[in-house]
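Participant: Quick check, what structure comes out for this input:
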Amino acid sequence: MNMQVAKNTVVTLDYSVTDTDGELVDAGQEPLVYLHGGYDDIFPMIEEAMHGKRIGESAVVKMQPDDAFGEYDADLVQLEPRSQFPLELHVGMQFEGVPEGADDEDDEDVLIYRVTEIADDKVVLDGNHPLAGMALVFTCTVTDVRPATAEEISHGHTHDDNCDDDD
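Facilitator: Sure thing, here's the model as predicted:
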């Protein structure tokens, strides 16, 4: 039976992401599995494009930075003393941190900072998503659609236990 993507279905997508010049940004090694129907489990524009699709059908979604990972925010780039970091440090390493001026009590403010540069006694950290500021093209193909369980619907996201409760 070939279900349609609709509210409260769990959708599996094969996807790839390129920039607007066609350069591959994310090869989508792992399929993307999400709960369809406005649960913010996936970008709204992609969800909209997938609505009503069946297994084997594809969509190409062009997204501006605002629709994807946001505009690049220069305020999220911080310069820190080299002494605050482990001896073994290289560009691309990631650390959790709280942006300057954020309330320490609020866990919502924790960002992942990437080391983008290491100078003699300073380290440049960037709290922007690596794809921030980029217009992106998502190519998605539906590989599976199934009804969501009541638990998935109440939690607002998929569960990965892949058990069949058919009997």
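Participant: Report the contact partners of the residue lying closest to Arg54 once chain neighbours are set aside.
Facilitator: Nearest non-adjacent residue to Arg54, counting by CB to CB, 6 or more residues apart in numbering: Asn2, 5.0 Å away. Just so you know, the C-beta spots here come from the backbone N, C-alpha and C atoms, and that holds for glycine as well. The neighbours of Asn2, taking CB atoms under 8 Å, 6 or more residues apart in numbering as the test, are 54-55, 145.
Participant: what lines up beside the worst-scoring helix or strand of the chain on mean pLDDT in the sheet?
Facilitator: Within the chain, no helix or strand scores below strand 94-97, which has a mean of 89 by mean pLDDT, DSSP states H and E. Strand 94-97 has these partner strands in its sheet, going by DSSP bridges: strand 111-118 (antiparallel).
Participant: CA atoms only for the strand it pairs with, dumped as PDB, please.
Facilitator: What follows is strand 111-118 as a C-alpha-only set of coordinates in PDB (Å, rounded to 0.1, in the frame of the first residue of the first chain):
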ATOM      1  CA  LEU A 111      25.300  27.000  21.500                       C
ATOM      2  CA  ILE A 112      27.800  24.800  19.800                       C
ATOM      3  CA  TYR A 113      30.900  26.800  19.000                       C
ATOM      4  CA  ARG A 114      33.200  25.700  16.300                       C
ATOM      5  CA  VAL A 115      36.900  26.600  16.400                       C
ATOM      6  CA  THR A 116      37.500  28.400  13.100                       C
ATOM      7  CA  GLU A 117      41.000  29.900  13.800                       C
ATOM      8  CA  ILE A 118      43.800  29.400  16.200                       C
END
